[in-house]
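> what follows is a predicted structure for the sequence shown.
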Amino acid sequence: MAEQRTSIHGQWTSRTVFILAATGSAVGLGNIWKFPYIAGENGGGTFVLVYLLCIALIGVPIMMAEIMLGRRGKQSPINTMIALAKDENRNPGWVWLGWMGVIAGFLILSYYSVIAGWAMSYVFRTGGGMFIGVTADGVNSIFTDLVSDPERLLAWHTIFMVMTMTIVARGVKNGIEKAVTYLMPLLFGLLFIIVIYAMTTGYFMDGVRFLFTPGSIDGKGILIAMGHAFFTLSLGMGAIMVYGSYLSKDHSIVQASILIALADTVVALLAGMAIFPIVFANGLEPGAGPGLIFQTLPIAFGHMPGGTMVGVLFFTLLVFAAWTSAISLIEPAVAYLVENKGLSRIYASVWIGVLTWFVGLGTVFSFNIWKDHTLSIPYIFEDLSFFDTLDYLTANIMLPLGGLFIAIFAAWVMKEESTKDEMATHPLIYKVWHFLVKFITPLAVIVVFLKAIGAI
Ligand code: TRP
């Protein structure tokens with residue numbers, strides 16, 4: 001039974017370490033690169049509001065469910081689903097949920113790594129003084145130069161994948177724990193410094209107004225906001241589940257989830273407040289797309305005192321934030337190969353890493369030689385590049401679907417006595433959580449899906 005299981009991959013040394021690792025997974029490019037640019041593309045205020053609602057009503061309850069399933073199953077998401085379905089005498093077919101997560105994780109990492117590569121190259125560009133006194137146009141052409149060069153993108157993508165494989169191969173405990181302990185607070189501090197710079201631009205309130213004044217949004221925008229709630233909290237594909245499987249029984253899932261979600265949200269909002277004032281002060285376009293932070297923040301670094309140092313530190317920390325997220329994207333797949341194929345962590349990481357690297361080539365080419373090739377799927381999306389297609393399919397479809405079925409499994413398939421035992425929380429809190437994952441969360445996800453395809 002569940003009570004006797006232990007993870008063959010080891011256990012976190014303390015609750016704090018688990019929270020740091022999960023926060024390390026959650027806080028990444030999603031908060032600093034993706035959130036501002038999709039908020040910009042979708043008109044700001046209302047998008048942010050829907051995103052915050054999704055974090056609270058969908059994200060937090062699903063995070064609790066994912067940690068709970070992981071801790072009870074104590075294996076990779078694939079084997080956890082098999083074990084839990086068996087414990088509950090349910091259909092073993094639930095294993096597909098684990099598989100979908102593994103596939104989503106590796107698809108996400110394939111493009112995540114390319115973007116992390118951009119951040120790496122910006123460490124050197126900033127350090128070399130390329131942005132000192134630069135204009136908005138100058139920053140823009142430096143960015144365009146980078147992404148139109150497939151060789152450079154490929155080199156950085158390769159380096160980032162090697163970094164990710166190295167840490168995953170060493171095991172979750174050595175390395176990750178230390179990295180997140182020191183680096184996350186530092187990232188926080190630097191974001192603050194940039195926000196303070198943004199206050200001096202004279203356009204701070206324009207940025208804040210853009211982020212928080214409700215306007216209009218369409219069904220697609222709502223779907224993107226919900227998809228991002230999953231993406232930013234690392235939910236819906238088993239990353240948090242597998243981290244939960246290394247968590248010991250005497251720690252509170254509820255408290256940990258709330259802390260992680262709060263930290264993640266604060267980082268995203270800070271990033272927004274750092275970026276939009278710079279956008280407006282320089283007459284830039286909030287909807288500029290994936291290049292947004294690379295076309296705005298360098299302006300700040302080029303003009304603030306000590307900007308070169310702040311910039312180098314900032315992009316370095318961004319790379320670390322991406323790194324601690326990337327490892328969680330392939331940990332489920334690696335854990336599975338170790339469990340079922342008897343591979344060592346090293347071999348498993350290299351296999352998955354090479355495969356991911358290969359798919360990443362598609363994203364590398366999306367910004368240059370394949371720039372004019374787009375894909376469409378009727379009712380779902382149209383005219384997206386390879387990169388945008390992967391991002392859309394994973395963040396807006398696979399993660400919410402994964403989350404939906406995680407909620408259904410936790411609340412409708414598992415017996416209440418099992419979930420109550422594993423959650424081990426105050427009866428009232430348990431009731432609220434159970435109600436949310438049983439009714440509100442699944443309903444919300446379904447409504448947003450229907451709205452996005454125009455069915456309601
Ligand atoms: N949450 C990370 C970010 O915001 C990305 C990430 C890590 C992720 N693990 C994940 C996204 C699992 C979805 C699923 O950058």
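Happy to help now that I have it. As the structure is a prediction and not an experimental result, all values here were calculated from the model.
> could you list the low-pLDDT ranges of the chain?
1-4, 172-176, 178-179 (pLDDT under 70).
> around the ligand, pick out the residues from it.
The chain has residues 25-26, 28-31, 108, 231-232, 234, 237, 239, 325, 328-329, 399 near the ligand, with proximity defined as Cβ under 6 Å from any ligand atom. In short, each C-beta sits where N, CA and C put it, glycine included.
> now with 5 Å, please.
Within the chain, the positions adjacent to the ligand are 25-26, 28-30, 231-232, 234, 237, 239, 325, 328-329 by Cβ under 5 Å from any ligand atom.
> I'd like those residues laid out as JSON lines, including neighbour count.
Output for the residues of the chain next to the ligand, formatted as JSON lines (neighbours: other Cβ atoms under 10 Å):
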{"residue": "S25", "neighbour count": "26"}
{"residue": "A26", "neighbour count": "29"}
{"residue": "G28", "neighbour count": "28"}
{"residue": "L29", "neighbour count": "24"}
{"residue": "G30", "neighbour count": "27"}
{"residue": "F231", "neighbour count": "29"}
{"residue": "T232", "neighbour count": "27"}
{"residue": "S234", "neighbour count": "31"}
{"residue": "M237", "neighbour count": "33"}
{"residue": "A239", "neighbour count": "28"}
{"residue": "S325", "neighbour count": "25"}
{"residue": "S328", "neighbour count": "26"}
{"residue": "L329", "neighbour count": "28"}
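> mark which of the residues you listed are part of helices, please.
When helices are assigned by DSSP state H, the members of these inside them are S25, A26, L29, F231, T232, A239, S325, S328, L329.
> what sits against the residue in the chain positioned nearest to the ligand?
Relative to the ligand, the nearest point of the chain is G30 (2.1 Å; Cβ to the nearest ligand atom). Counting by Cβ atoms under 8 Å, 6 or more residues apart in numbering, G30 makes contact with H228, F231, T232, A268, S325.
> dump those residues to a markdown table, plus distance to V350.
Conversion of the contacts of G30 to a markdown table gives the following (distance: Cβ to Cβ, whole Å):
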| residue | distance to V350 |
| --- | --- |
| H228 | 31 |
| F231 | 26 |
| T232 | 29 |
| A268 | 33 |
| S325 | 20 |
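> what's the closest of these to D218?
The shortest approach to D218 among these belongs to H228, at 15.4 Å (Cβ to Cβ).
> ok, the closest one touching P36?
No - using Cβ atoms under 8 Å, H228 is not in contact with P36, being 11.1 Å away.
> check contacts around W99.
For W99, the contact set (Cβ under 8 Å, 6+ apart) comprises I78.
> and if you look at the one 10 residues further on?
Listed by Cβ under 8 Å, 6+ apart, the contact set of L109 reads T164, A326, L329, I330, T356, G360.
> now do the first one: how many residues are near it, please.
Other residues near T164 come to 27 when the count uses other Cβ atoms under 10 Å.
> can you report phi and psi for it?
phi -70, psi -50 (degrees, to the nearest 10).
> in space, what's closest to it - neighbours in sequence excluded?
A326 (4.4 Å; Cβ to Cβ, 6 or more residues apart in numbering).
> count of residues packed around that neighbour?
27.
> that one against M165, yeah?
No - counting by Cβ under 8 Å, A326 stays clear of M165, with 9.6 Å between them.
> looks like I346 contacts G171 (just checking).
No - contact criterion Cβ under 8 Å: I346 and G171 do not qualify, at 9.8 Å.
> where's the residue nearest to P92 when sequence neighbours are not counted, which helix or strand?
Leaving out its chain neighbours, the residue that sits closest to P92 by Cβ to Cβ, 6+ apart is A85, at 5.3 Å. Under the criterion DSSP states H and E, the helix or strand holding A85 is helix 77-87.
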